[in-house]
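**Q** sequence and predicted model, in that order:
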Amino acid sequence: MCQGREREVEFGTHTIKSHGAHVARIHIHDWLILLLLVVIEIVLNIIHPFYCFVGEHMMSDLKYPMKENTVPFWAVPMYAALLPIAIFLVFYLRRKDVYDLHHSILGLLFAVLITWCLTDAIKNAVGWPRPDFFWRCFPDGQGKYDKWGNVICHGKDSDIKEGHKSFPSGHTSWSFAGLSFLSLYLSGKIKAFDRRGYIAKLCIVFLPLLLASLVGVSRLDDYKHHWQDVFAGGLLGLVVSTFCYLQFFPPPYHNEGWGPCAYFRALEESGVNSQLASPENGLDMQVMEVQVES
């Protein structure tokens, strides 16, 4: 974690033009890992989930109607990724700190993609049916079962495949991954935990979390998930985003929680280099060398 002493704030000295290529080159392996996560996610969407046993006695809890999504899937990356990135850009235009912009975007993308891969991997492994599974499996309402009591579905293959992806909720985990990261980022920038009693700052901190919670509630209202799915998805996204945020930033309650650790390291290095380049330091170094030789 970054050291806790006060440091001189120097905005505008680390811009995209001056340090952007250097920062991107240092983290080239991180960006390659992001591409690997995208490939893993594509594979997870192609393979079929485990079709767990769904007996006739279980159908009483799986006969909810099939509804359209209140929050469509295409909207999730809009508010969970693009909205936070737009806010990161606003802060960059104000402070001109490429470390803050790069690390916030990189941390956000890692939080979203790791959560996405974990969510779909668990979905495929568990294969739990959605609350509207009956109508996905039997569109005509005529149930059919084998000698063990397991369902024999005659619905669309795509509907049946998605019907076995209830746990955990992908909408909820994605929402909490992106918006929890944004909440942590904003709490650090506005110094929400500086103990000065400005409790109104917490409204800004909780607003992204409220939006993510409402998305989770919509999944219950649409009968796409059970409450356990939404709870697990929200917890997964929250935990992953917190770990990813702390990889690049101090905790929000820290004295230097308003900036990334790399920014303060850059200030330290520039301070050391300026001291070594000064004439006084050159004389001091010569005196020390003479003393060592003696």
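**A** Received the coordinates, thanks.
**Q** use CA for all of it now, contacts and neighbours both
**A** Fine.
**Q** pLDDT below threshold where in this structure?
**A** Counting by pLDDT under 70, the chain contains low-confidence ranges at 1-14, 16-20, 256-257, 259, 261-264, 266-294.
**Q** center of it, which residue is that?
**A** Centroid-nearest residue in the chain, with Cα atoms, centre = their mean: Ala111, separated by 2.8 Å.
**Q** what strand or helix carries it?
**A** Secondary structure here is read from DSSP states H and E; on that basis Ala111 sits in helix 98-126.
**Q** that helix: what's the following helix or strand?
**A** Taking DSSP H and E, what comes next after helix 98-126 is helix 133-137.
**Q** who does the helix holding Ala111 touch, helix- and strand-wise?
**A** helix 16-26, helix 28-46, helix 83-95, helix 170-189, helix 227-248, helix 261-277 (3 or more Cα pairs under 8 Å, 6 or more residues apart in numbering; DSSP states H and E).
**Q** name the helices or strands packed onto the second one?
**A** For helix 28-46, the contact count by 3+ Cα pairs under 8 Å, 6+ apart identifies helix 98-126 as packing neighbours.
**Q** ok, the longest one next?
**A** If contacts are counted by 3+ Cα pairs under 8 Å, 6+ apart, helix 227-248 sits against helix 98-126, helix 170-189, helix 201-221.
**Q** for that helix, buried residues please.
**A** Within helix 227-248, the residues that count as buried by 16 or more other Cα atoms under 10 Å are 227, 229-234, 236-242, 244-246, 248.
**Q** and it with helix 201-221, angle?
**A** Note on geometry: by axes from the mean of the first three to the mean of the last three Cα atoms, to 10 degrees, helix 227-248 and helix 201-221 are set 140 degrees apart in direction.
**Q** as CSV, the helices and strands packed on helix 98-126 with distance to Asp132 would be great.
**A** Putting the helices and strands packed on helix 98-126 into CSV (distance: least, Cα to Cα, whole Å) gives the following:
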stretch, distance to Asp132
helix 16-26, 46
helix 28-46, 20
helix 83-95, 31
helix 170-189, 16
helix 227-248, 14
helix 261-277, 47
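**Q** which of these sits closest to Leu106?
**A** In terms of Cα to Cα, the element of these nearest to Leu106 is helix 28-46, at 7.9 Å.
**Q** show residues contacting that closest one.
**A** Counting contacts by Cα atoms under 8 Å, 6 or more residues apart in numbering, the residues outside helix 28-46 that touch it are Leu106, Leu109, Phe110, Leu113, Ile114, Trp116, Cys117, Asp120, Ala121, Asn124.
**Q** from Lys201, how far off is Gly188?
**A** For Gly188, the distance to Lys201 under the criterion Cα to Cα, to the nearest Å works out to 11 Å.
**Q** look at the two and report which has more neighbours.
**A** When neighbours are counted by other Cα atoms under 10 Å, Gly188 comes out ahead of the other of Gly188 and Lys201, with 25 against 15.
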